[in-house]
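Q: need a structure here:
(one chain, ligands or ions: 1)
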Amino acid sequence: MLYNTEAIVIRTVSYGESHVIVTLLTPQGTVAAMARGAKRPQSRLAGGVQLCVHGIYTISQGRGMGNLSQLELVDAHRPLRERIDLAAYAAYFCELVAACSEERPGGSRVVFEWFRDALARLSRSSEPPAVVARIWEAKVLRLIGASPDWQHCVQCGARLASRPVYVPRLGGMVCGECAAAAEQSRFGWTDAVRVARAVPSVLYQFAAVPWEKIGAVQLRGETLSQVATVLRIQLRDFGGLSTKSRDFVDRMEALFDIDTDGGS
Ligand SMILES: [Zn+2]
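A: Next up is the predicted model:
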């Protein structure tokens with residue numbers, strides 16, 4: 001059986017000297033395919049088996065793994081391979097999407113579309129890649145059902161105003177009153193993280209607002225670093241997502257002390 005599908009490459013593994021096994025994310029979920037001879041420079045598949053390439057792929061499916069027989073590029077996303085910082089983020093984005101997608105045909109179109117838009121935003125570089133990464137993390141939490149209602153206290157349900165606190169063991173934000181009550185009782189939260197007033201609404205917008213409706217994001221460095229801390233804990237503790245590529249991205253951000261301060 002031969003079929004065409006729109007897809008983005010989210011994983012590649014060399015197989016022998018000249019073949020590549022690609023994992024494709026399609027609107028119906030992931031599928032692995034063998035790209036025979038794709039590592040030969042003259043191969044017509046060579047340009048389509050690199051990470052983050054978006055194309056229309058033709059797969060001949062027998063029993064077992066299908067063979068990639070043809071492809072037509074939609075967007076090669078070249079900046080995501082040519083710039084080393086973007087390449088590290090792109091690998092991290094792929095690892096996250098792999099963790100929240102099902103195999104074809106059980107997958108979700110939303111996962112495909114949100115990921116496609118995440119890569120487009122990362123390629124465009126209209127804001128620091130660290131900001132795009134935080135938006136993508138907030139959306140991944142939603143996709144895996146580990147995103148709380150960031151704008152309301154997880155204990156009393158009040159809309160958060162001043163002095164919100166992130167409590168890892170509760171997996172969400174609590175209001176100033178609930179935090180104060182906990183501090184006075186013997187059941188205080190030793191792991192609570194006090195965050196700036198803007199943090200809950202930033203998290204809410206990153207998670208809930210569609211990519212195309214999120215305008216240029218300008219955050220104070222401190223706000224962005226608190227958003228990063230909350231997302232990291234939430235992904236690790238409630239999503240089980242502690243990825244190798246994230247460690248690499250973290251080290252890179254620390255090394256270059258990436259300027260994420262877009263003004264006020
Ligand atoms: Zn409360």
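Q: spell out which residues of the protein are next to the ion.
A: Contacts of the chain with the ion, taken as CB under 5 Å from the ion, map to Cys153, Gln155, Cys156, Ala158, Cys175, Cys178. From N, CA and C alone the C-beta is placed, and that goes for glycine too.
Q: any idea how far the fourth one lies from Val227?
A: Read it as Ala158. Distance of Ala158 to Val227, given as CB to CB, to the nearest Å: 21 Å.
Q: same question for the last one.
A: Using CB to CB, Cys178 is found at 21 Å from Val227.
Q: out of these two, which sits in the more crowded spot?
A: Set Cys178 next to Val227 and count neighbours by other CB atoms under 10 Å: Val227 wins out with 26 against 21.
Q: was I right to think the more buried one contacts Arg134?
A: Yes: contact status for Val227 versus Arg134: in contact at 5.4 Å, counting by CB atoms under 8 Å.
Q: need the overlap of contacts for these two.
A: Phe206 (CB atoms under 8 Å, 6 or more residues apart in numbering).
Q: all helices for the stretch 51-200 of the chain, in order.
A: With helices called from DSSP state H, counting those that start in this stretch, the stretch 51-200 of the chain shows them at 79-82, 84-99, 109-124, 129-143, 176-184, 199-208.
Q: by contact count, what packs against the shortest one?
A: What it means is helix 79-82. If you count contacts as 3 or more CB pairs under 8 Å, 6 or more residues apart in numbering; DSSP states H and E, helix 79-82 packs onto helix 84-99, helix 109-124.
Q: try 6 Å this time
A: Packed against helix 79-82, as judged by 3 or more CB pairs under 6 Å, 6 or more residues apart in numbering; DSSP states H and E, are the following elements: helix 84-99.
Q: that older thread, of the residues of the chain next to the ion, buried ones?
A: Buried subset of those (neighbour count, 16 or more other CB atoms under 10 Å): Cys153, Gln155, Cys175, Cys178.
Q: what's the farthest-apart pair in the residues you listed?
A: Gln155 and Cys175 (7.6 Å; CB to CB).
Q: residues near Pro200, how many?
A: Burial of Pro200 is recorded as 26 neighbouring residues (other CB under 10 Å).
Q: what's the spacing between it and the ion?
A: Noted for Pro200: a distance of 12 Å to the ion, by CB to the ion, to the nearest Å.
Q: per-residue pLDDT, that residue?
A: Pro200 is assigned a predicted lDDT (pLDDT) of 97.
Q: got the contact list for it?
A: Trp150, Gln151, Leu160, Pro164, Met173 (CB atoms under 6 Å, 6 or more residues apart in numbering).
Q: Val9 in helix, strand or coil?
A: Using DSSP: H, G, I helix; E, B strand; the rest coil, the structure places Val9 in strand.
Q: just how off-centre is stretch 182-195 within its chain?
A: Distance of stretch 182-195 from its chain centroid, counting by CA atoms, centre = their mean, to the nearest Å, is 30 Å.
Q: distance of the residue lying closest to His152 once chain neighbours are set aside relative to Arg11?
A: Excluding its sequence neighbours, the residue lying closest to His152 (CB to CB, 6 or more residues apart in numbering) is Arg159, at 5.7 Å. In this view, Arg159 and Arg11 are 41 Å apart by CB to CB.
Q: who's more crowded, the two?
A: Arg11 (17 against 10).
Q: what bridges to the more buried one?
A: Thr23 (DSSP bridges).
Q: quick check: it touching Thr23?
A: Yes: here Arg11 reaches Thr23: they are 3.8 Å apart, a contact under CB atoms under 6 Å.
Q: any chance of the contacts of Pro200 in a markdown table with pLDDT and neighbour count as columns?
A: Shown next, in a markdown table, are these (pLDDT from 0 to 100; neighbours: other CB atoms under 10 Å):
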| residue | pLDDT | neighbour count |
| --- | --- | --- |
| Trp150 | 97 | 25 |
| Gln151 | 95 | 16 |
| Leu160 | 95 | 24 |
| Pro164 | 96 | 25 |
| Met173 | 97 | 27 |
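Q: quick one: which of those is nearest to Asp247?
A: Comparing the contacts of Pro200 against Asp247 with CB to CB places Trp150 closest, at 25.2 Å.
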